[in-house]
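K.L.:
only geometry, no sequence info:
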């Protein structure tokens, strides 16, 4: 069960790449070796299936917000397992807010001020295409694109994060963007042909 779009029901699994992208944007380098985003997303998907009767929205925007809330709770539980600290509800709200900001940055990359329902639906589709295309990049290219464009790191900061020279980071970023554009163009052409 999932969000209904144009009479078609999208399963929670259709949002796997999107959720994985949001987890990668939240997990810092220190926890990156301990936390596998795919495991977190799998648990969030299971939690969404268990709680699907609790979804009361009618739009994809509400559906995505509901999925992000479930992901935030799942991520908080994962962090608690690696953190000896007690449960901190403030931290969970902070994670939910940060996931919301990450999603907003993603959406902001796709469209400025789109307000009609059809434009929001198109933006939702573009968001899913972007998440799927990012998942197809090489690990290094995906990481530099996410750090620079989605987390807002400078190229120098990206180079430091990945442990490479600035020219190497620029090269990865250039190749990653080129490949991302190709993947997105292919997906747009495929969706127009269908």
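P.N.:
Cool, the structure landed. Keep in mind it's a predicted model, so treat the numbers as computed, not measured.
K.L.:
where does the chain dip in pLDDT?
P.N.:
For the chain, the stretches flagged by pLDDT under 70 are 1-10, 28-33, 83-124, 187-194.
K.L.:
just checking, what packs against the longest helix seen in the chain?
P.N.:
Of all the segments assigned as helix in the chain under DSSP state H, the longest by residue count is helix 166-193. Contact partners of helix 166-193 among helices and strands, from 3 or more C-beta pairs under 8 Å, 6 or more residues apart in numbering; DSSP states H and E: helix 117-136, helix 139-145, helix 155-162. The way it works is simple: take the backbone N, C-alpha and C, and place the C-beta from them, glycine included.
K.L.:
closest one to residue 179 among these?
P.N.:
Of all the helices and strands packed on helix 166-193, helix 139-145 sits nearest to residue 179, with 6.4 Å by C-beta to C-beta.
K.L.:
run through who's touching that closest one.
P.N.:
134-135, 137, 158, 161-162, 169, 172-173, 175-177, 179-180 (C-beta atoms under 8 Å, 6 or more residues apart in numbering).
K.L.:
and if you look at stretch 42-58?
P.N.:
1-2, 12-13, 16, 19, 62-63, 65-67, 70-71, 73-75, 77-78.
K.L.:
looking at these, which are in strands?
P.N.:
Using DSSP state E, no member of the contacts of stretch 42-58 falls within strands.
K.L.:
any of those residues buried? List them.
P.N.:
2, 12, 16, 19, 63, 65-67, 70-71, 73-75, 78 (16 or more other C-beta atoms under 10 Å).
K.L.:
can I get the residues you listed in JSON lines with distance to residue 144?
P.N.:
Output for the buried ones among the contacts of stretch 42-58, formatted as JSON lines (distance: C-beta to C-beta, whole Å):
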{"residue": "2", "distance to residue 144": "32"}
{"residue": "12", "distance to residue 144": "29"}
{"residue": "16", "distance to residue 144": "22"}
{"residue": "19", "distance to residue 144": "21"}
{"residue": "63", "distance to residue 144": "30"}
{"residue": "65", "distance to residue 144": "29"}
{"residue": "66", "distance to residue 144": "31"}
{"residue": "67", "distance to residue 144": "26"}
{"residue": "70", "distance to residue 144": "29"}
{"residue": "71", "distance to residue 144": "23"}
{"residue": "73", "distance to residue 144": "30"}
{"residue": "74", "distance to residue 144": "26"}
{"residue": "75", "distance to residue 144": "23"}
{"residue": "78", "distance to residue 144": "25"}
